[in-house]
Structure formats: C-alpha cells, structure tokens
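> A predicted structure for the sequence below; I have some questions about it.
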Amino acid sequence: MARTAIAVQPVNQTGVAPTYTAADSANGMSFTNDGRTVLHVKNGEASPITVTIVSVPCSHGRTGDISVTIANGAEKIIGVFDKALFNQSGADAGKVFVNFSASASVTVAAFKF
C-alpha cells in the first residue's frame, strides 16, 4: 500500500505559515524524519480518533508503537521521534509511518525544528 506523504515544514527564526494535509486513514501516511520533527494533528471529527506512530524493532527486538487519542474538536502535537525507534528501513528508509483510526475531518502537518 502506498502511504500518503506528509510534507515536512521547517520552522526557523522567521516562523512558518503552516500548511495542513487531510489525513488518510485508508492508506496511512508517512514523513521523512531526522529526529527533530513533530506532528500536529487537528481532529474535526464528531468522535475521538487514535493516531498511531509505528515503531521498528530496537537493537533488542522490542517494539513500542505510540498511540495517541485526540478528543473530538481537539488537537495535539506529537513527537519528536527517535530515528532508531521509528524510522523505517528498505524502500521507506528514513520515514516514519502514521496511521489514523478515522480521517474524514482530520488534518495533519509535520514541523522540523
């Protein structure tokens, strides 16, 4: 399945005019991660949603996905993401996978600090 890309927006001294993308719960999403990137998720749904950041096995083979519940009408900033624990390998090397339980009125943006 091809994941929908989230463009990473750099934040610097002059700031950033944020751009949000519609969440894709059918295919999942991904963004390039350098260990200094956070996600900002806005939930416009009538119900809470769950955002899952997919982990990779650590050097000991353990995994630990991050699951964050966002109430209806709320928003959260999630991250930063350790490259060793969340960056995928192979064809998706350097990307973090993000899954959404619903996405009809959900938007997301990635910011690099």
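Structure's in. What do you need?

> surely residue 66 is in contact with residue 80?
No - if you go by C-beta atoms under 8 Å, residue 66 and residue 80 don't touch, sitting 11.2 Å apart. Just so you know, the C-beta spots here come from the backbone N, C-alpha and C atoms, and that holds for glycine as well.

> residue 32 and residue 95 touch, don't they?
Yes - contact criterion C-beta under 8 Å: residue 32 and residue 95 qualify, at 5.8 Å.

> after the helix-or-strand element of the chain with minimal mean pLDDT, next one along is what?
Within the chain, confidence by mean pLDDT, DSSP states H and E is lowest for helix 83-86 among all helices and strands, at a mean of 96. Later in the chain than helix 83-86, the nearest helix or strand by DSSP states H and E is strand 95-100.

> show me how far that following strand is from its chain's centre.
Counting by C-alpha atoms, centre = their mean, to the nearest Å, strand 95-100 is centred 5 Å from the centre of its parent chain.

> alpha carbons of it, as PDB, please.
The C-alpha trace of strand 95-100 is given here as PDB (Å, rounded to 0.1, in the frame of the first residue of the first chain):
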ATOM      1  CA  LYS A  95      10.400   7.700   7.000                       C
ATOM      2  CA  VAL A  96       8.000   7.400  10.000                       C
ATOM      3  CA  PHE A  97       4.700   5.700   9.400                       C
ATOM      4  CA  VAL A  98       1.500   7.200  10.800                       C
ATOM      5  CA  ASN A  99      -1.900   5.500  11.000                       C
ATOM      6  CA  PHE A 100      -5.300   7.200  11.800                       C
END
